[in-house]
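Participant: generate coordinates for the sequence data below:
(one chain, ligands or ions: 1)
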Amino acid sequence: VRDLETIDIEISLLLEAIYRRYGSDFRDYTLSSVRRRVTLAMTHLHCETVSQLQDLILGDPAAYDRLLQHLTIPVSEMFRDPAYFRAVREQIVPVLLTYPSVKIWIAGCSTGEELYSFAILLKEEGLLDRALLYATDISPSSLKKAQAGIFPLEQVRLYTQNYQLSGGKAAFSDYYQVAFDAAVFDPSLRANVVFADHSLATDSVFAEVHMVSCRNVLIYFNRELQNRVFTLFRDSLVHRGFLGLGAKESLRFSDVQASFDDFASRDKVYRKRGAS
Ligand SMILES: C[S@@+](CC[C@H](N)C(=O)[O-])C[C@H]1O[C@@H](n2cnc3c(N)ncnc32)[C@H](O)[C@@H]1O
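Facilitator: Just a heads-up that it's a prediction; the model follows:
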């Protein structure tokens, strides 16, 4: 059994190897979460040491794909934290409705649950037709699932509950069809969606948007990387644009704190300050 210090050295070499071979940069993710994910991946890929795992993924892109699925933590839920979506619906949408068209960036969209929640909400509020949504992630397999919009039926009871708590106005079942054990979401919901591979760790601004929703992604990043990402969001937002984060995330004490005001602070929604 190796000691923790040795394991941490091996992990840092593994992350360096991933970056140099595949270009994905996990070097500024919090060590505690990377440790957990790597340990899980080792079990699934039958490696006894991190060094073995490194050796495996350097020579085998398919094994790297499997490691990536562990490292990226593709856990999501529709209308996750219903109060957040209620704040978007009741407080942000009325402002967005004053624009002729809006762009919304769902950063770290994972398998699409957050994106479809936004699409449903915007549709009910009469904004979907004039909205362009960017759904980005670094995981190709998650993006593929997001594009398909098919979710396990067993999750739908929870999603329905979340939807209702978030202020949903219709019957949730209006938005999907049941096929075997899956809920196939209405393809019209993604008519104005651009899915793209974009890394918050290495890529730059690609559009000017009215809102960024980036939830449960920054918790895995160290402070330095969080600041990089917050700066990227600030530079992507129009003046008075909105930034929504996950329940455990905050702009406070970050480098960009002075560029934003609290908007719906309990729900982690911030608003970029206007030009001064
Ligand atoms: C826990 S999921 C959050 C999904 C969704 N936003 C939500 O709140 O339900 C985290 C997502 O962040 C993505 N991610 C991790 N590092 C990223 C990076 N550097 N750039 C973009 N997305 C990243 C992962 O691939 C994963 O899909």
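Participant: hey, let's count contacts and neighbours off CA atoms from now on
Facilitator: Will do.
Participant: now the helices for the stretch 101-250 of the chain?
Facilitator: Using DSSP state H, counting those that start in this stretch, the helices of the stretch 101-250 of the chain run over residues 113-124, 140-148, 153-165, 223-236.
Participant: which one of the ones you listed lies nearest to the ligand?
Facilitator: For these, proximity to the ligand was assessed by C-alpha to the nearest ligand atom; helix 113-124 is nearest, at 5.6 Å.
Participant: buried sites along the closest one?
Facilitator: Along helix 113-124, these residues count as buried under the neighbour rule (16 or more other C-alpha atoms under 10 Å): 113, 114, 115, 116, 117, 118, 119, 120, 121, 122.
Participant: hang on, the earlier thing: okay, the helices of the stretch 101-250 of the chain, which one's buried deepest?
Facilitator: Burial among these, expressed as mean neighbours by mean count of other C-alpha atoms under 10 Å, is greatest for helix 113-124, which shows a mean of 22.
Participant: show me what it is packed up against.
Facilitator: Secondary-structure packing of helix 113-124 (3 or more C-alpha pairs under 8 Å, 6 or more residues apart in numbering; DSSP states H and E): no helix or strand packs against it.
Participant: which residues touch it?
Facilitator: Counting by C-alpha atoms under 8 Å, 6 or more residues apart in numbering, helix 113-124 makes contact with 76-80, 89, 93, 106, 109, 128-129, 135, 146, 149, 168-170, 175, 189-190, all of which sit outside it.
Participant: these also near the ligand: which ones?
Facilitator: 76, 77, 109 (C-alpha under 6 Å from any ligand atom).
Participant: just the buried members of those residues?
Facilitator: Buried subset of these (neighbour count, 16+ other C-alpha under 10 Å): 77, 109.
Participant: just the contacts of helix 113-124: which are in strands?
Facilitator: Of the positions in the contacts of helix 113-124, 106, 135 sit in strands, assigned by DSSP state E.
Participant: which of the contacts of helix 113-124 are buried? Put it as a PyMOL command.
Facilitator: A single PyMOL command suffices to select whichever of those are buried according to 16+ other C-alpha under 10 Å:
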select buried, resi 77+78+79+80+89+93+106+109+128+135+146+149+168+175+189+190
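Participant: what parts of this protein come near the ligand?
Facilitator: Contact residues, the chain versus the ligand (C-alpha under 6 Å from any ligand atom): 72-77, 108-110, 114, 137-139, 198-201, 214-217.
Participant: determine the longest strand present in this structure.
Facilitator: When the chain is scanned for its longest strand (criterion: DSSP E), the result is strand 237-245.
Participant: quick one, phi psi at the closest residue to residue 143 other than its chain neighbours?
Facilitator: Closest residue to residue 143 in three dimensions, ignoring its sequence neighbours and counting by C-alpha to C-alpha, 6 or more residues apart in numbering: residue 111, at 5.9 Å. Residue 111 adopts backbone torsions of phi -90, psi 10, taken as degrees, to the nearest 10.
Participant: report pLDDT for residue 111.
Facilitator: According to the per-residue confidence, residue 111 scores 97 in pLDDT.
Participant: check which helices and strands the longest strand of the chain sits against.
Facilitator: Using 3+ C-alpha pairs under 8 Å, 6+ apart: strand 237-245 touches strand 209-214, strand 269-272.
Participant: in JSON lines, list the ones you listed along with mean pLDDT.
Facilitator: As requested, these are exported to JSON lines (pLDDT from 0 to 100):
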{"stretch": "strand 209-214", "mean pLDDT": "98"}
{"stretch": "strand 269-272", "mean pLDDT": "98"}
